[in-house]
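> Sequence first, predicted model second:
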Amino acid sequence: MKTIISNITNHKDFLKGKWTLEIGYPWLSLGAIIALEGIINKRFRILEIGSGGSTIFWAKNCKNVKSFETNADWFQKVERKVRRYRNVELGLANEKQILRAITKEPDRHYDIVLINPNPKEARRTLLADAATPKVKPGGWLVINNYGKFGMENYNYPKGEIYTFDDLRYSGRGTKLCKILA
């Protein structure tokens, strides 16, 4: 089975977030990426807050991805990389606009929702709270950097929670929450 490990040329660089956009993989802990590789399929609908290598990963492996980005410079880099994918909707917005847009999305529509916004933003818990109802039962809420940036005491939804830590990974970990109801 081919996994992310096959595509990383420099493990230390990847852990620092380098080359994720170029190789088309999310900047998550490696265990979480490998788990997601086994979960996703071509029918999945994805909503992500924070774009990048993950946007390409979803585009290659899922039905469609709707992604929001707050950093204009990063948005332009990602936009250049995802232009060739017809199944990507990429939007540049501030946190308030993203929060408003998320509330308008249909409930129980997405197979995966990824919360990975800019760490300089303070509303990660609000974004996660707004996005959780958008996940289908049996779908996944993915929280990156779960131990930082306001997520330390987040009240996760009921379900199965898998924690993937990598002490060398600069984000300090990823949680995958399978939504049961």
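Done, it's in.
> residue ranges with poor pLDDT in this protein?
1-19, 117-122, 150, 167-172 (pLDDT under 70).
> hmm, try it at 50
1 (pLDDT under 50).
> mind listing the strands for it?
Secondary structure of the chain (DSSP state E): strands located at 45-49, 64-69, 88-92, 110-115, 135-144, 159-164, 174-179.
> mind putting these in JSON lines, distance to Tyr25 and mean neighbour count included?
(Each C-beta comes from the backbone N, C-alpha and C, glycine too.) Converted to JSON lines, the strands of the chain look like this (distance: least, C-beta to C-beta, whole Å; neighbours: other C-beta atoms under 10 Å):
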{"stretch": "strand 45-49", "distance to Tyr25": "13", "mean neighbour count": "25"}
{"stretch": "strand 64-69", "distance to Tyr25": "14", "mean neighbour count": "23"}
{"stretch": "strand 88-92", "distance to Tyr25": "15", "mean neighbour count": "17"}
{"stretch": "strand 110-115", "distance to Tyr25": "13", "mean neighbour count": "25"}
{"stretch": "strand 135-144", "distance to Tyr25": "13", "mean neighbour count": "21"}
{"stretch": "strand 159-164", "distance to Tyr25": "14", "mean neighbour count": "15"}
{"stretch": "strand 174-179", "distance to Tyr25": "13", "mean neighbour count": "23"}
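> can you list these in a markdown table and add distance to Gly24?
Output for the strands of the chain, formatted as a markdown table (distance: least, C-beta to C-beta, whole Å):
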| stretch | distance to Gly24 |
| --- | --- |
| strand 45-49 | 14 |
| strand 64-69 | 12 |
| strand 88-92 | 12 |
| strand 110-115 | 15 |
| strand 135-144 | 17 |
| strand 159-164 | 19 |
| strand 174-179 | 17 |
